[in-house]
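[1] Have a look; sequence and predicted model below, questions after that.
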Amino acid sequence: MGARDDLLRAARRLSARGTSPFSPAQLIAEARAAGSRYPDATLRTFVVGSMCVNSPDNHAVQYADLFRVGHGKYCLNDARVGDRVDKTRVDAPIVESRVTAIESRWYWEGNVQAAVVRHLVHEGWDVVRVADTASRERGVDVRAIRSEETMLVEVKGFPSEIYEQGAKRGMPNPNVTVQARHYFADGVLSGLLLRGDNPDDRVVLALPDKPTFSTLATRCAPSFAALGIELWLVSESGRINDCSPAADEDAPDQ
């Protein structure tokens, strides 16, 4: 089975449960929960490109499985599932090559968010909102519900270690550590605002497990615990490490 098959089955399961429209992260998490082993970047490229009949990148469209209904929101295109948009086949490797350099990095915000969503689905949470990070959609990045409990997750990525555009494209970025600290500070502010606005909910700040973030998370974890904010570090493999002091005492690695 290919990536498209995994995503189609996932889209049908989400729709059957009433979760439609859905975001790419929700669809990828559902496919991953069912055993898909394709990289997140590959799956996302199929969702926003070759499988979407009204993809902004018309040249990438190969099938008509999904319909884009808004920023970062998709649903099954029931009338044409399985139909081909263009009889001239575009081979998957060509389609997959359209993934941008930024989105292919595991520590890109969208990939970190997808790992968080997969973890929550695995832990029995019902993910009811996933922001479209590619378009920088405003609002809480992930909202999930389990029983009577609500979790709000602020997700941050890590800055690119090389310049992605401009005259310095491809050259090392000497300011990556400074930028990372700014990303962390922005995440802290967002977490504090979420905590203040939602006193009864669990609030989590999720960050890629890069050395700068790991050091800052270790130093700030006690203060965050006092404020009722959890700190999660997400590894390249998608493993979630809860840095909260209580988590070290009460639970094994997640």
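    Sure, I can see it.
[2] Where does pLDDT dip in the stretch 51-200 of the chain?
    Within the stretch 51-200 of the chain, the set of residues satisfying pLDDT under 70 comprises 56-62, 70, 78-104, 133-137.
[3] where along it do the helices fall?
    Using DSSP state H, counting those that start in this stretch, the helices assigned to the stretch 51-200 of the chain run over residues 92-96, 109-122, 176-197.
[4] CA atoms only: put the longest one into PDB for me.
    By that I understand helix 176-197. Extracted in PDB, the C-alpha atoms of helix 176-197 (Å, rounded to 0.1, in the frame of the first residue of the first chain):
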ATOM      1  CA  VAL A 176      20.400  30.200  15.300                       C
ATOM      2  CA  THR A 177      20.900  30.000  19.100                       C
ATOM      3  CA  VAL A 178      19.700  33.600  19.600                       C
ATOM      4  CA  GLN A 179      16.700  32.900  17.400                       C
ATOM      5  CA  ALA A 180      16.000  29.700  19.300                       C
ATOM      6  CA  ARG A 181      15.900  31.600  22.600                       C
ATOM      7  CA  HIS A 182      13.400  34.100  21.000                       C
ATOM      8  CA  TYR A 183      11.200  31.100  19.900                       C
ATOM      9  CA  PHE A 184      11.400  29.800  23.400                       C
ATOM     10  CA  ALA A 185      10.400  33.100  24.900                       C
ATOM     11  CA  ASP A 186       7.500  33.500  22.500                       C
ATOM     12  CA  GLY A 187       6.400  30.000  23.500                       C
ATOM     13  CA  VAL A 188       6.600  30.900  27.200                       C
ATOM     14  CA  LEU A 189       4.400  34.000  26.600                       C
ATOM     15  CA  SER A 190       1.800  32.000  24.700                       C
ATOM     16  CA  GLY A 191       1.800  29.400  27.500                       C
ATOM     17  CA  LEU A 192       1.300  32.000  30.100                       C
ATOM     18  CA  LEU A 193      -1.600  33.500  28.200                       C
ATOM     19  CA  LEU A 194      -3.200  30.100  27.700                       C
ATOM     20  CA  ARG A 195      -2.900  29.400  31.400                       C
ATOM     21  CA  GLY A 196      -4.400  32.700  32.300                       C
ATOM     22  CA  ASP A 197      -7.300  32.400  29.900                       C
END
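[5] Next SSE downstream of it?
    Next helix or strand after helix 176-197 toward the C-terminus (DSSP states H and E): strand 202-208.
[6] Can you give the distance of that following strand from its chain's centre?
    13 Å (Cα atoms, centre = their mean, to the nearest Å).
[7] circling back to that earlier point, out of the helices of the stretch 51-200 of the chain, which is the most enclosed?
    Most buried of the helices of the stretch 51-200 of the chain, by mean neighbour count (mean count of other Cβ atoms under 10 Å): helix 109-122, with a mean of 24. Quick note: C-beta positions are derived from backbone N, CA and C, even for glycine.
[8] so what does that helix touch, helix or strand wise?
    helix 24-33, helix 40-45, strand 126-130, strand 142-146, strand 149-155, strand 202-208, strand 229-234, strand 240-242 (3 or more Cβ pairs under 8 Å, 6 or more residues apart in numbering; DSSP states H and E).
[9] at 7 Å instead, please
    helix 24-33, helix 40-45, strand 126-130, strand 142-146, strand 149-155, strand 202-208, strand 229-234 (3 or more Cβ pairs under 7 Å, 6 or more residues apart in numbering; DSSP states H and E).
[10] Out of those, which is closest to Cys243?
    Of all these, it is strand 229-234 that lies closest to Cys243, at 4.1 Å by Cβ to Cβ.
[11] Now do the closest one and helix 109-122, the angle between them.
    Here the directions of strand 229-234 and helix 109-122 differ by 110 degrees (axes from the mean of the first three to the mean of the last three Cα atoms, to 10 degrees).
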